[in-house]
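Colleague: Next comes the sequence, and after it the predicted model I'd like to discuss.
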Amino acid sequence: MSDAIASLADALRNDAETLRVIGNNVANMDTVAYRREIAVMHPTFEQAADAARAEIGRPLAVQSMIDQRPGTLKSTDEPLHLALEGPGFFVVDTANGEALTRRGDFRLDSDGRLVTQDGKAVLGSQGAIQIAGTPAIAPDGTVRVGGETVAQLRIAQVAAETQLTPLGGDLYTAAQLPDADPAARVRQGFLETSNVESVQEMVRLIETMRHFETVQRFVRGYDDMVGKAITELGKV
């Protein structure tokens with residue numbers, strides 16, 4: 001009996017986590033360069049095989065992965081708005097070290113540093129980027145002001161199979177931050193949209209809710225069965 005209860009509890013927890021992921025995706029549908037999360041039972045075939053051998057008959061725990069497919073580019077004509085073509089991430093400085101972001105709606109702080117909307121410094125090859133004036137940013141990430149090169153944006157190339165860990169908001173980290181990618185292409189005056197597709201999320205939401213309700217019915221049925229068994233045993 002305990003195995004049945006544990007399996008049903010695992011299934012409900014998995015559905016609850018999947019609903020959390022879907023809700024987070026929908027809430028960030030209009031967030032610049034947001035990368036949707038995907039709730040999966042296992043990130044790789046090898047891990048699935050190991051889990052199946054270890055826990056035959058028990059549902060695998062849901063894990064959250066980041067969908068690295070790019071969004072579309074949208075023109076803004078703002079000189080501090082940057083987007084990346086293809087895979088890659090801007091590198092920013094945080095209180096806990098370096099982090100990755102695709103969000104490029106940057107601004108200048110009071111010290112003339114290029115920063116994110118919440119004030120985190122955008123990093124170049126030589127550290128924080130200082131800009132005095134209106135910059136011209138080339139596709140290779142070279143930052144020029146008045147024709148003079150002042151910095152080189154640091155763009156990290158992240159392989160599609162790399163597992164990213166969300167840090168909250170639009171920041172991510174990996175087990176090991178990759179080196180700069182000289183082949184990355186930067187588009188000045190553009191922003192990337194999120195890669196969330198509303199129809200896809202709604203379909204997934206309906207499927208998950210139906211599964212959750214089905215498991216709930218199993219739980220109620222199991223509870224009724226146990227209750228009847230106890231009642232009948234009490235008559236003996």
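Modeller: Now that the structure is in, tell me what you want to look at.
Colleague: Spit out the contact partners of the closest residue to Asn14 other than its chain neighbours.
Modeller: Using CB to CB, 6 or more residues apart in numbering and skipping residues adjacent in sequence, the residue nearest Asn14 is Val62, 4.4 Å away. The C-beta positions use only the backbone N, C-alpha and C, and glycine is treated the same way. Counting by CB atoms under 8 Å, 6 or more residues apart in numbering, Val62 touches Arg13, Asn14, Glu17, Thr18, Ala39, Val40, Met41.
Colleague: same deal with Lys120?
Modeller: By CB under 8 Å, 6+ apart, the neighbours of Lys120 are Val92, Asp93, Thr94, Ala99.
Colleague: Kindly recompute the last result at 6 Å.
Modeller: Listed by CB atoms under 6 Å, 6 or more residues apart in numbering, the contact partners of Lys120 are Val92, Thr94.
Colleague: Beyond the helix or strand of the chain with the lowest mean pLDDT, next helix or strand please.
Modeller: The least trusted helix or strand in the chain, going by mean pLDDT, DSSP states H and E, turns out to be helix 45-54, with a mean of 48. Downstream of helix 45-54, the next assigned helix or strand under DSSP states H and E is strand 63-66.
Colleague: how far is the helix or strand just after that next one from where the chain is centred?
Modeller: Elements were assigned by DSSP H and E; along the chain past strand 63-66, the next helix or strand is strand 73-75. Centroid separation between strand 73-75 and its chain, computed with CA atoms, centre = their mean, to the nearest Å, is 21 Å.
Colleague: Show the average pLDDT along strand 73-75.
Modeller: Mean pLDDT, strand 73-75: 95.
Colleague: do stretch 29-37 as well
Modeller: 91.
Colleague: Can I get that stretch as CSV, trimmed to CA atoms?
Modeller: C-alpha atoms of stretch 29-37 as CSV (Å, rounded to 0.1, in the frame of the first residue of the first chain):
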residue,chain,number,x,y,z
MET,A,29,5.9,35.7,-22.3
ASP,A,30,6.6,39.4,-22.9
THR,A,31,10.0,39.5,-21.0
VAL,A,32,12.9,40.5,-23.3
ALA,A,33,14.9,37.5,-24.4
TYR,A,34,13.3,35.1,-21.8
ARG,A,35,14.2,31.5,-22.3
ARG,A,36,11.3,29.2,-21.6
GLU,A,37,11.7,26.3,-19.1
